[in-house]
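**Student:** Pasted the sequence and its predicted model underneath.
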Amino acid sequence: MTDSSFPARRAGMLALPEPDIPIAPSATISSAITSSAATSHSTATSHNTTRSTAISPTASPATATPATLDAVRERIHRDINPQIQILLRPHGHQVILDLIQVPYPLRGQRLADRALDLLCRRADSAGWEIALEPHPAFGSDTGRLAAWYRAHGFRPEAPGENAWMHRPPRFAVAPS
């Protein structure tokens with residue numbers, strides 16, 4: 001379901017993971033967290049809500065693979081809208097988000113918010129960090145784009161609108 005002519009290539013967008021050094025998560029993930037506990041966060045809850053974390057020094061996050069990212073993309077297309085363009089690539093325990101785009105006639109319906117929330121929930125359950133670089137390649141205002149990502153929990157690694165942004169995994173703690 002992918003159109004090879006979309007999106008246009010931009011500087012730095014590669015088909016394979018870039019040969020840079022991934023940023024390791026600050027701590028490892030508890031294997032005691034079940035997928036039901038990690039996904040029990042209601043989709044109606046605001047994306048600005050802070051969730052608790054459960055960390056264990058003995059467990060490690062899952063490695064992102066092309067197959068797992070294809071499954072995330074397929075779920076976004078199935079559950080939200082099949083016309084959303086989302087480009088993801090694995091990089092160890094990181095997922096690089098190269099693009100999330102909603103066609104003009106569908107904008108204003110919060111489809112990109114819902115797609116990014118779904119991606120973040122899946123990344124949280126797997127222990128993946130999501131990294132991205134806000135870029136004006138498709139006509140977006142970089143400052144507005146960076147602010148939108150900050151609202152979803154991404155933080156810049158350096159000052160400036162075009163700095164790489166990262167979102168470490170967050171986990172819902174199972175009720176005791």
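**Tutor:** Sure, I can see it. The model shown is predicted, which means the values in this text are computed figures rather than measured ones.
**Student:** In terms of secondary structure, what does the longest helix along the chain contact?
**Tutor:** As assigned by DSSP state H, the longest helix anywhere in the chain is helix 111-126. Other helices and strands packing on helix 111-126, by 3 or more Cβ pairs under 8 Å, 6 or more residues apart in numbering; DSSP states H and E, are helix 35-38, helix 66-79, strand 85-91, strand 94-101, strand 129-132. Every residue, glycine included, has its C-beta placed from N, CA and C.
**Student:** Switch the ones you listed over to JSON lines; also include mean pLDDT and mean neighbour count.
**Tutor:** Converted to JSON lines, the helices and strands packed on helix 111-126 look like this (pLDDT from 0 to 100; neighbours: other Cβ atoms under 10 Å):
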{"stretch": "helix 35-38", "mean pLDDT": "34", "mean neighbour count": "15"}
{"stretch": "helix 66-79", "mean pLDDT": "97", "mean neighbour count": "15"}
{"stretch": "strand 85-91", "mean pLDDT": "96", "mean neighbour count": "19"}
{"stretch": "strand 94-101", "mean pLDDT": "95", "mean neighbour count": "20"}
{"stretch": "strand 129-132", "mean pLDDT": "96", "mean neighbour count": "22"}
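**Student:** Let me have the ones you listed in CSV, extended by distance to Pro168.
**Tutor:** Below are the helices and strands packed on helix 111-126 laid out as CSV (distance: least, Cβ to Cβ, whole Å):
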stretch, distance to Pro168
helix 35-38, 14
helix 66-79, 18
strand 85-91, 14
strand 94-101, 10
strand 129-132, 5
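**Student:** Report the angle between the longest helix of the chain and helix 66-79.
**Tutor:** 140 degrees (axes from the mean of the first three to the mean of the last three Cα atoms, to 10 degrees).
**Student:** related to what we said a few turns ago, right, and the helices and strands packed on helix 111-126 - which one's nearest His166?
**Tutor:** With Cβ to Cβ, the closest approach to His166 among the helices and strands packed on helix 111-126 belongs to strand 129-132: 5.0 Å.
**Student:** Name the residues of the helix or strand that comes right after that closest one that are buried.
**Tutor:** Read in the C-terminal direction, the helix or strand following strand 129-132 is helix 142-151, with elements assigned using DSSP states H and E. Of the residues in helix 142-151, those buried under the neighbour-count criterion (16 or more other Cβ atoms under 10 Å) are Leu145, Ala146, Trp148, Tyr149.
**Student:** try stretch 119-137
**Tutor:** Using 16+ other Cβ under 10 Å as the test for burial, stretch 119-137 gives 119-135, 137.
**Student:** can I get the CA coordinates of that stretch in PDB?
**Tutor:** C-alpha atoms of stretch 119-137 as PDB (Å, rounded to 0.1, in the frame of the first residue of the first chain):
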ATOM      1  CA  LEU A 119       2.800   5.100  17.800                       C
ATOM      2  CA  CYS A 120       3.800   6.400  21.300                       C
ATOM      3  CA  ARG A 121       1.700   3.800  23.100                       C
ATOM      4  CA  ARG A 122       3.300   1.000  21.000                       C
ATOM      5  CA  ALA A 123       6.800   2.500  21.600                       C
ATOM      6  CA  ASP A 124       6.100   2.700  25.400                       C
ATOM      7  CA  SER A 125       5.000  -1.000  25.500                       C
ATOM      8  CA  ALA A 126       8.100  -2.100  23.700                       C
ATOM      9  CA  GLY A 127      10.500   0.200  25.500                       C
ATOM     10  CA  TRP A 128      11.500   2.100  22.300                       C
ATOM     11  CA  GLU A 129      12.700   5.700  22.200                       C
ATOM     12  CA  ILE A 130      11.300   7.700  19.300                       C
ATOM     13  CA  ALA A 131      13.600  10.200  17.600                       C
ATOM     14  CA  LEU A 132      12.800  12.700  14.900                       C
ATOM     15  CA  GLU A 133      14.000  15.900  13.300                       C
ATOM     16  CA  PRO A 134      11.400  18.500  12.600                       C
ATOM     17  CA  HIS A 135      12.000  19.500   9.000                       C
ATOM     18  CA  PRO A 136      10.200  21.900   6.600                       C
ATOM     19  CA  ALA A 137      10.700  19.500   3.700                       C
END
